[in-house]
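> output the structure for:
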Amino acid sequence: MNVGIEKIGFYTAPYYIDMVDLANARRQDPNKFLVGIGQKQQSVIPPSQDVVTMAANAAADILTSDDKELIDMIIFGSETGIDNSKAASMYLQSLLGISGSARAFEIKQACYGATAGLQMGINYLTLHPKRKVLVVGADIARYGLNTSGEVTQGGGAVVMLLSNNPKIISFDGQSTFYSKNIMDFWRPIYTKEAKVDGHYSNDVYIDFFNRTFKQYLERYSLKLNDFAALVFHVPYPKMGIKALRTVADQHDPQYKSIWGEFANSIVYNSRVGNLYTGRFT
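Predicted coordinates for the structure are as follows:
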């Protein structure tokens, strides 16, 4: 059965900070941020906005009245929820005027929340192909002032409408997983600022990527050249290419082409910053 993403919407606040200005304020070489991290600008989310309002803005741009009538499920992936009990999807359901007959819940699992929601939505549509599912990835990435994570802040919302008319991308259900309880990144309930061990987190990202990618290749008898494209989670723009370098032959002429395509794909990421669960390239 052919199911996948029919529409995608995005929203972020109109405010930002320039990374050159941040570098100068922190007495750092701007190229440390511009080249080393790959970040040029960073969205700043004002107090008048939160993950719900941003998701509502993103969804309002793509949903028609017909779409809303067919939505059976709203899955909200976020680690910046506005309530410890009530799901952000409940507020979104009300703001968008989606039927009360739709299931609505929230998933919190750091940067994996929206991906898990996407997989759950696809599974639902294989059983209910005439319906639709709305999946949201919205976050506000916030770190302490003058910390190593400060340059990887940002915020925004990505909404994906799933259906049996996947105009953007379809999914075949093939996947592999790896999970482990580690402390490279966490956000205790008593603070709005995330805690992160940056170097360790980079190592964990690459390790997890290699484990799952190798498992995928082995399970489905594939090699790197079999892929027309790869999608990466990018907490900062350069992270994806660092992982790709560990599996791609840098002496292969095709590698230069891959790098060029990756650089083109991070244009928006380099201007918006980190969305946690909504951050992909």
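> can you list contacts of stretch 260-274?
Under the criterion CB atoms under 8 Å, 6 or more residues apart in numbering, residues 12, 16, 38-43, 139, 141, 152-156, 234-237, 240-241, 244, 279, 281 lie in contact with stretch 260-274. For glycine as for every other residue, the C-beta is placed from the backbone atoms N, C-alpha and C.
> so which residues of this structure form helices?
19-25, 30-31, 51-60, 65-70, 88-96, 113-127, 198-219, 239-245, 253-265, 269-272 (DSSP state H).
> can I get the last one as CSV, trimmed to CA atoms?
Right, helix 269-272. The C-alpha trace of helix 269-272 is given here as CSV (Å, rounded to 0.1, in the frame of the first residue of the first chain):
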residue,chain,number,x,y,z
ASN,A,269,18.9,24.7,8.9
SER,A,270,21.8,27.2,8.9
ARG,A,271,19.4,30.1,9.2
VAL,A,272,16.8,28.7,11.7
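> from the chain's centroid, how far away is it?
Centroid displacement of helix 269-272 relative to its chain, using CA atoms, centre = their mean, to the nearest Å, is 13 Å.
> list the buried ones in that helix?
269, 270, 271, 272 (16 or more other CB atoms under 10 Å).
> name the helix or strand of the protein that has the lowest mean pLDDT.
Confidence across the helices and strands of the chain bottoms out at helix 253-265, with a mean of 72, counting by mean pLDDT, DSSP states H and E.
> in the stretch 101-250 of the chain, where is pLDDT below threshold?
Along the stretch 101-250 of the chain, the parts satisfying pLDDT under 70 run over 249-250.
> show me what contacts the closest residue to residue 213 other than its chain neighbours?
Spatially, and ignoring its direct neighbours in sequence, residue 213 is nearest to residue 247 (6.2 Å; CB to CB, 6 or more residues apart in numbering). Under the criterion of CB under 8 Å, 6+ apart, the contact list for residue 247 reads 209, 210, 213, 224.
> for residue 110, which non-adjacent residue is closest in space?
Residue 110 sits nearest to residue 79 (CB to CB, 6+ apart), 5.8 Å away.
> same check, this time on residue 209
residue 243 (4.3 Å).
> burial count for that neighbour?
The tally of other residues near residue 243 (other CB atoms under 10 Å) stands at 21.
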